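*Asks:* Model the structure of this input:
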Amino acid sequence: MHITSDAGRAAWAAITTDPSTTLVCSDFDGVLSPIVDNPDEAWASEDTVGVLERLGSRVAKVAIVTGRPARQAVRLGRLDERTGLASASVLGLYGFERWDADTGDYDEPEAPGGVANAAAALPDLLADHDLADARIENKRLSVGVHTRELPDPAAAFERLTGPLTELAESHDLQVEPGRFVLELRARGLDKGDAIRRLVDELHPTAIIYAGDDLGDLPAFRAVRWLRESGRVKALLICSGSDEQDALVAVSDVVVDGPDGVAELLGELADALDAAHPGA
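*Replies:* Coordinates of the predicted model:
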């Protein structure tokens with residue numbers, strides 16, 4: 001364990017003392033699953049989900065907070081097959097969608113018309129910028145453009161940021177940047193809002209949040225505000241990579257990708273086993 005902040009160490013101590021009122025939250029891509037070229041093949045790491053199962057029986061809730069559709073995250077994590085996550089939830093598409101393991105129900109609001117219209121305009125826009133090979137990913141409430149598979153993904157990402165922002169605004173959408181992906185999505189919610197809703201629902205005394213990129217910044221800000229206001233103890237985990245460092249300065253601990261997340265949460269699970277044997 002290499003927690004660098006006093007606040008993070010205080011959260012660890014509080015969680016190991018009484019885990020039952022802890023909310024454990026994690027992004028999906030780059031945290032539970034490695035980043036891959038084809039997002040449809042980003043299966044969750046068995047090691048990381050296995051550790052979440054160990055924690056699931058001890059904490060108030062495990063929640064996956066992701067930009068993916070809830071159904072897709074459930075499928076790629078095989079979350080509906082995990083006996084240790086019987087009370088888990090997935091907040092998909094930045095909180096617009098929700099799945100709860102205890103009922104198996106999905107809450108999926110109707111998609112705004114602007115998403116379909118923006119998606120229809122994307123092929124021509126990409127062709128106009130000589131980037132027709134960029135991958136388009138339709139997510140029902142959003143549409144993403146991935147540059148990872150292009151010869152120069154960083155340059156393509158930079159070239160597309162302005163045009164895609166203009167396209168989004170023309171359809172009353174917003175652009176969410178990620179790791180070599182620009183997502184045009186409905187306005188109104190972000191991961192910070194999703195966290196605040198969970199806190200109002202569960203009233204936890206401690207929060208763990210693990211993220212990896214720009215889309216997690218609103219969640220980090222929300223958790224830090226909750227911590228600074230005295231409502232919760234909190235541990236913020238950055239799943240680090242060479243591609244993205246936006247969370248490093250605002251994290252309590254930086255680990256090496258999904259494997260590092262699994263190792264750190266495994267240490268926590270071991271500490272809970274030692275502190276509460278037979279629980």
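*Asks:* now the strands for the stretch 51-200 of the chain?
*Replies:* Secondary structure of the stretch 51-200 of the chain (DSSP state E, counting those that start in this stretch): strands at 61-65, 89-92, 97-100, 106-107, 135-138, 142-146, 173-177, 181-186.
*Asks:* Distance of the spatially closest residue to H146 that is not a sequence neighbour relative to E149?
*Replies:* Among residues not flanking H146 along the chain, R135 sits closest, at 4.1 Å (CB to CB, 6 or more residues apart in numbering). Bear in mind the C-beta positions are built from the backbone N, C-alpha and C, glycine included. To E149, R135 is 6 Å away according to CB to CB, to the nearest Å.
*Asks:* do the same with V49
*Replies:* In this view, V49 and E149 are 26 Å apart by CB to CB.
*Asks:* Can you pick out the residue with more neighbours from the two?
*Replies:* For V49 and E149, the more surrounded residue by other CB atoms under 10 Å is V49, and the numbers stand at 25 against 13.
*Asks:* That one against R82, yeah?
*Replies:* Yes - if you go by CB atoms under 8 Å, V49 and R82 touch, sitting 6.6 Å apart.
*Asks:* overlap in contacts of the two?
*Replies:* Common contacts of V49 and R82, defined by CB atoms under 8 Å, 6 or more residues apart in numbering, are absent altogether.
*Asks:* Can I take it that P204 is in a strand?
*Replies:* No - going by DSSP: H, G, I helix; E, B strand; the rest coil, the assignment for P204 is coil, not a strand.
*Asks:* pLDDT wise, what is it at?
*Replies:* Here the pLDDT value assigned to P204 is 98.
*Asks:* Quick one: residues contacting the nearest residue to D102 once chain neighbours are set aside.
*Replies:* Spatial nearest neighbour of D102, excluding adjacent residues (CB to CB, 6+ apart): S87 at 5.5 Å. S87 makes contacts with 56, 61-62, 101-102, as judged by CB under 8 Å, 6+ apart.
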